[in-house]
Structure formats: C-alpha cells, structure tokens
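Participant: generate a structure from the sequence data that follows.
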Amino acid sequence: MDCDSKKICFIVDKDGSFLGSPGTVLPDAAYEWNGEQVHGLGDYRIPSVLMTDMDGHKREISDVYDAYGMCS
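Facilitator: All right, here's what the predicted structure looks like:
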C-alpha cells in the first residue's frame, strides 16, 4: 500500500533551492486509483452497502461522484 501520509500540501520553491529551478510541487492524491490493487487504492474498497440504492440496485460510482483525489 502506498504511503498514507498527509497528501494535502503545497510547496512553492521561489529560488530553485529545492527543485533546481523555481516551481511548485503538488501531490497526486489519486495516484494509482483503480490501478494495480497492490497499491490498495480504488473504488473496490467502497463498501457494497454504500454502492446500493434504496431499492437494492447496485449504483456505479460515476453516477455518484466523478472526481478523485483531494477535496476541500
């Protein structure tokens, strides 16, 4: 499983001392989402109870939510 550390950060390197040239670093919180299951990230981890409507029919995650990664 990938690192579960805090993925909400924003690094601004104004003088290039960190990146080698001025720039910005943002984490990719959705990295390997629905990729290889060895990473432990994906829609398959959503409990089936949450993916069922009130009539007992299975819902697709795309009908409920269409964005991955950090939400604020």
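Participant: could you check how far residue 16 is from residue 53?
Facilitator: In this view, residue 16 and residue 53 are 52 Å apart by C-beta to C-beta, to the nearest Å. Where you see a C-beta, it was placed from the backbone N, CA and C, and this is true even at glycine.
Participant: let me fix that: residue 8
Facilitator: For residue 8, the distance to residue 53 equals 31 Å [C-beta to C-beta].
Participant: again, but for residue 66
Facilitator: Residue 66 is 17 Å from residue 53, by C-beta to C-beta.
Participant: and these two? which has more neighbours close in?
Facilitator: residue 53 (10 against 7; other C-beta atoms under 10 Å).
Participant: ok, the nearest residue to that one once chain neighbours are set aside to residue 12 distance?
Facilitator: What sits nearest to residue 53 in space, not counting adjacent residues and going by C-beta to C-beta, 6 or more residues apart in numbering, is residue 59, at 5.5 Å. Distance of residue 59 to residue 12, given as C-beta to C-beta: 40 Å.
Participant: same question for residue 62.
Facilitator: With C-beta to C-beta as the criterion, residue 62 and residue 12 are 34 Å apart.
Participant: kindly report the same for residue 24.
Facilitator: When distance is defined by C-beta to C-beta, residue 24 is 5 Å away from residue 12.
Participant: quick check, residue 37 in contact with residue 44.
Facilitator: Yes - applying C-beta atoms under 8 Å, one finds residue 37 in contact with residue 44, separated by 7.0 Å.
Participant: can you map out the helices along this protein?
Facilitator: In the chain, the helices defined using DSSP state H lie at 61-64.
Participant: can you list the low-confidence ranges for it?
Facilitator: Counting by pLDDT under 70, the chain contains low-confidence ranges at 1-7, 68-72.
Participant: for residue 13, which residues count as its bridge partners?
Facilitator: Residues in a beta bridge with residue 13, per DSSP bridges, are residue 23.
Participant: what is the neighbour count of it?
Facilitator: 14.
Participant: can you check residue 25 too?
Facilitator: What residue 25 shows, counting by other C-beta under 10 Å, is a neighbour count of 11.
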